[in-house]
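Novice: the following block contains a protein sequence and its predicted model.
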Amino acid sequence: HAPRERERRAMVTIRRANVNDLPAVQECNLSCLPENYQMKYYLYHILSWPQLLYVAEDADRRVVGYVLAKIEEDEGVKHGHITSVAVLRSHRRLGIATKLMRAAQRAMWESFGAKYVSLHVRKTNKAAFALYHHRLQYKIHEIEKKYYGDGEDAYDMRLYFEQKSEEKAEGEAKQ
């Protein structure tokens, strides 16, 4: 029965979130992560960047994971930032976080023309680091000292999106 239970737990739908999902997203955040947000922060994200908030929903239509992201601009370069991603403990190691991250990354590129996506991860969070670095190919950009409220350092990680083929061809023609 164990493989069947795992298959059932893995049967999730990744979809764009709506305002009605926010209480479940907040509950997921509270049960999974030490960095928690007030409801107005989730509202700010969904009203500002509705294309970048995704949920993972199980067969019973219960939110079992989410990704919260935004668009920023530094020195004229538009990029995405993963604010928070979490999956309930009961549904981890099933590829759900990877699917959530890829959905948000695709929307950053397609909807906003982002050049890259950034995120912060605790230096001690080996599982999250493995997901970002090994599975999703993020690279360490720098280490931010005492980034978290408890004083822990963070890896500032980035994933650069491939240039569109026309941009590549245009760039090569100029050389």
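Specialist: Alright, I've got the coordinates. Predicted model, so just to flag it, every value in this text is computed and none were measured.

Novice: okay, CA-based contacts and neighbour counts for the rest of this
Specialist: Fine.

Novice: flag the shaky bits of this protein, pLDDT-wise.
Specialist: When residues are selected by pLDDT under 70, those of the chain lie in 1-10, 163-175.

Novice: how does it look with 90?
Specialist: Per-residue confidence of the chain (counting by pLDDT under 90) places the weak regions at 1-11, 29-39, 59, 74-76, 92-93, 148-149, 162-175.

Novice: which stretches of it form helices?
Specialist: With DSSP state H, the ranges of helices along the chain come out as 2-10, 22-32, 39-48, 96-112, 126-130, 165-174.

Novice: relative to Val19, how far out is the closest residue to Glu57 other than its chain neighbours?
Specialist: Closest residue to Glu57 apart from its sequence neighbours, by CA to CA, 6 or more residues apart in numbering: Val63 at 4.5 Å. From Val63 over to Val19 the distance is 13 Å, taken as CA to CA, to the nearest Å.

Novice: likewise for Glu35?
Specialist: For Glu35, the distance to Val19 (CA to CA) stands at 21 Å.

Novice: kindly report the same for Ser118.
Specialist: Per CA to CA, Ser118 is found 25 Å from Val19.

Novice: now swap in Tyr41 and tell me
Specialist: Taking CA to CA, one finds Tyr41 at 12 Å from Val19.

Novice: kindly report the same for Asp74.
Specialist: Computed as CA to CA, the Asp74 to Val19 distance reads 28 Å.

Novice: what of Val12?
Specialist: Distance, Val12 to Val19, using CA to CA: 20 Å.

Novice: Lys139 too?
Specialist: 33 Å.

Novice: more crowded one of those two?
Specialist: Lys139 (17 against 12; other CA atoms under 10 Å).

Novice: so what pairs up with the more buried one in the strands?
Specialist: Beta-bridge partners for Lys139, by DSSP bridges, are Arg158.
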